[in-house]
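Student: sequence-free structure coming up:
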Ligand SMILES: Nc1ncnc2c1ncn2[C@@H]1O[C@H](COP(=O)(O)OP(=O)(O)O)[C@@H](O)[C@H]1O
Ligand SMILES: [Mg+2]
């Protein structure tokens, strides 16, 4: 939670605000798990982020506010490995708060997609950025110990998305729990953990990645599947753009594989995670807010069918989504 006097004092001590400069905090959209503010100062435009102890979603959902520190560490690491993210300005670790540069005039990708502006070239560039993060950190033991956040990942991703669905779908519970197990066992690189279009800014120079509070040493398949799931769900919500959204998903996947390298085992895990996460976005703790009831039923049926009979490849899974859409 934001401690305003403490933040103001820190901004002045750090020399970002002059002693008598007025500090105005403008709340930013988002804010399920954090207070996020824009602070325009004479020295520059900043963004302040403070972790909340309890997430603002319908189902009760707690997670350690230490994730502000995780995100600050991720931003620092991203800068070292050439992954585009806002520059870190300073961190107040005790207050679970950090300050980064504000990226101006950059819409979030989700808004672009929902407005029907789907750029497959951007999707491919984003896949490449994600591939870079995975390739640059694969097998790096220093990164593994810096991001030993499997506990946070369990609380914020495995439990609310996959295990919660397993409890609600007894016939598929074993299958979903096996997917969760394999995801836990396949940690091999730094993953972002919330690689969703709402956490990607669109700039003239390409994607800028935000909101890495779930970053962990984990399974790269999870990040790829998480983003692909969003694109597929948006294809259900926006039939006019469905073909473009599925094309974007395929370009994203090929961009990721081009940089992260082809890996049949990772691909098979990605396919299963896409199925599991599609189900999680209708029946998990964090459902996609933009699907109506028929679309939810359709996604649920498709996800369960793909858990029963996994598509032979990721490309087959993505391509089939368009066919289902056209014939629905
Ligand atoms: N550095 C930044 N520059 C520009 N906009 C930002 C920045 N950080 C966050 N935002 C905006 O604030 C929103 C919420 O931030 P985010 O880090 O995603 O927090 P949350 O964890 O609450 O989702 C983002 O979707 C984006 O619109
Ligand atoms: Mg966010």
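Tutor: Arrived safely, thanks for sending. Here the structure is a predicted model, which is why all the values come from computation and not from measurement. Ligands and ions are numbered 1, 2, ... in the order given.
Student: next one: residue 65 from residue 181, what distance?
Tutor: To residue 181, residue 65 is 28 Å away according to CB to CB, to the nearest Å. All C-beta atoms are positioned from the backbone trio N, CA, C, and that covers glycine.
Student: higher neighbour count, these two?
Tutor: Using other CB atoms under 10 Å as the criterion, residue 65 and residue 181 rank with residue 65 on top: 19 against 12.
Student: list the contacts of the more buried one.
Tutor: 51-53, 96 (CB atoms under 8 Å, 6 or more residues apart in numbering).
Student: among those, which lie within strands?
Tutor: Among the contacts of residue 65, the members falling in strands (DSSP state E) are residue 51.
Student: using pLDDT, spot the least trustworthy of the contacts of residue 65.
Tutor: Lowest in pLDDT among the contacts of residue 65 is residue 53, which has 71.
Student: on the three-state scheme, the residue nearest to that one when sequence neighbours are not counted is what?
Tutor: Spatial nearest neighbour of residue 53, chain neighbours left out: residue 65 (5.4 Å); criterion: CB to CB, 6 or more residues apart in numbering. Classification of residue 65 by DSSP: H, G, I helix; E, B strand; the rest coil places it in coil.
Student: do you know how far residue 65 is from residue 225?
Tutor: According to CB to CB, residue 65 and residue 225 sit 27 Å apart.
Student: what of residue 172?
Tutor: 17 Å.
Student: who's more crowded, those two?
Tutor: Between residue 172 and residue 225, counting by other CB under 10 Å, residue 225 is the more crowded of the two (26 against 19).
Student: now that one. Nearest residue, chain neighbours left out?
Tutor: Nearest non-adjacent residue to residue 225, counting by CB to CB, 6+ apart: residue 273, 3.5 Å away.
Student: next one: residue 193
Tutor: residue 214 (2.8 Å).
Student: buried set for the host helix or strand of residue 234?
Tutor: Residue 234 is part of helix 220-237 when elements are defined by DSSP states H and E. Buried residues in helix 220-237, counted by 16 or more other CB atoms under 10 Å: 220-237.
Student: where's the residue nearest to residue 225 relative to residue 11, distance?
Tutor: 41 Å.
Student: roughly how far does the residue nearest to residue 53 sit from residue 94?
Tutor: To residue 94, residue 65 is 11 Å away according to CB to CB.
Student: cool, residue 208 as well?
Tutor: 28 Å.
Student: and if you look at residue 273?
Tutor: 36 Å.
Student: closest residue of the stretch 51-200 of the chain to ligand 2?
Tutor: Nearest residue of the stretch 51-200 of the chain to ligand 2 (CB to the ion) works out as residue 199 at 4.5 Å.
Student: quick one: secondary structure of the residue lying closest to that residue once chain neighbours are set aside?
Tutor: Once flanking residues are discounted, residue 199 sits nearest to residue 211: 4.0 Å by CB to CB, 6+ apart. Taking three-state DSSP as the rule, one finds residue 211 in the coil state.
Student: would you agree residue 211 is in contact with residue 193?
Tutor: No: the pair residue 211 / residue 193 is not scored as a contact, 9.1 Å apart, by CB atoms under 8 Å.
Student: what about the residue of the stretch 201-328 of the chain found nearest ligand 1, neighbour count?
Tutor: Evaluated by CB to the nearest ligand atom, the stretch 201-328 of the chain has residue 211 as its residue closest to ligand 1, separated by 3.5 Å. For residue 211, the neighbour count with other CB under 10 Å is 25.
Student: just residue 129 next, same as before
Tutor: Neighbours of residue 129 (other CB under 10 Å): 24.
Student: can you tell me which helix or strand it belongs to?
Tutor: Using DSSP H and E, residue 129 sits within helix 120-137.
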